[in-house]
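> I'll drop the sequence and a predicted model, then ask my questions.
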Amino acid sequence: MRAVDIDEISRLKYRYLRTLDTKQWGEFEACFVPEATADYNGLVFEDRAALVTYMRENLGLGVVTMHQVHHPEITVDGDTATGRWYLEDRVIVEEFRFMLEGAAFYEDRYVRTPDGWRVSHTGYRRTYEMTWSLDDLPGLTLTGPGEHTHR
């Protein structure tokens, strides 16, 4: 049973990242219990509604994101679990000619619900973060879903 739980928790984390990057906010919201909390390097949310609202308003169509996690360390204890994941991410905001790239360690808590595993807390602490202007990248071309943007 433990291996099945770990697989389900891994799939939940991957779904969280996929729906965040593809801006599928209904599916993103479904990854969490209503009372879920989050702390992204000091950006704190007290419940699921606040977290989803913030992401929807701040990571809209003009913001390209890429989040990848690997090296999971998942511990299951009955109907609760913890997980540590190594994150690599990138955020590109062409309107502001801005790009961020970084890494962090996620520290998550999960709870088993009648609908399967859900996130009860998520967050990370950065190991590094670097930013730069897109103007510093000669020849850069950014293409996103349904759009063709050239510098």
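Received it, and whenever you're ready, just let me know what you need.

> Show me the shaky parts of this structure.
For the chain, the stretches flagged by pLDDT under 70 are 145-151.

> Is T143 bridged to anything, and to what?
H148 (DSSP bridges).

> For burial, what's the neighbour tally of it?
The local packing of T143 (other CB atoms under 10 Å) involves 10 other residues. Backbone N, C-alpha and C define where each C-beta goes, glycine included.

> Likewise for A38?
Using other CB under 10 Å, A38 has 21 neighbouring residues.

> In terms of helices and strands, where is it?
A38 is part of strand 32-40 when elements are defined by DSSP states H and E.

> Tell me the helices and strands packed up against the next helix or strand after that strand.
With elements assigned by DSSP H and E, the helix or strand that comes after strand 32-40 is strand 43-45. Contacts defined by 3 or more CB pairs under 8 Å, 6 or more residues apart in numbering; DSSP states H and E place strand 43-45 against strand 32-40.

> Can you list the residue ranges for strands in this structure?
For the chain, the strands defined by DSSP state E cover 32-40, 43-45, 63-77, 80-93, 98-113, 116-133, 141-144, 147-150.

> who touches the longest helix along the chain?
In the chain, taking DSSP state H as the definition, the longest helix is helix 2-21. Residues from elsewhere that reach helix 2-21 (CB atoms under 8 Å, 6 or more residues apart in numbering): 24-25, 27-28, 31, 55, 59, 65-69, 72, 74, 76, 81, 83, 85, 106, 108, 110, 112, 116-119, 122.

> Which among these count as buried?
Neighbour counting with 16 or more other CB atoms under 10 Å marks 28, 31, 55, 59, 65, 67, 69, 74, 76, 81, 83, 85, 106, 108, 110, 112, 117-119, 122 as buried within the contacts of helix 2-21.
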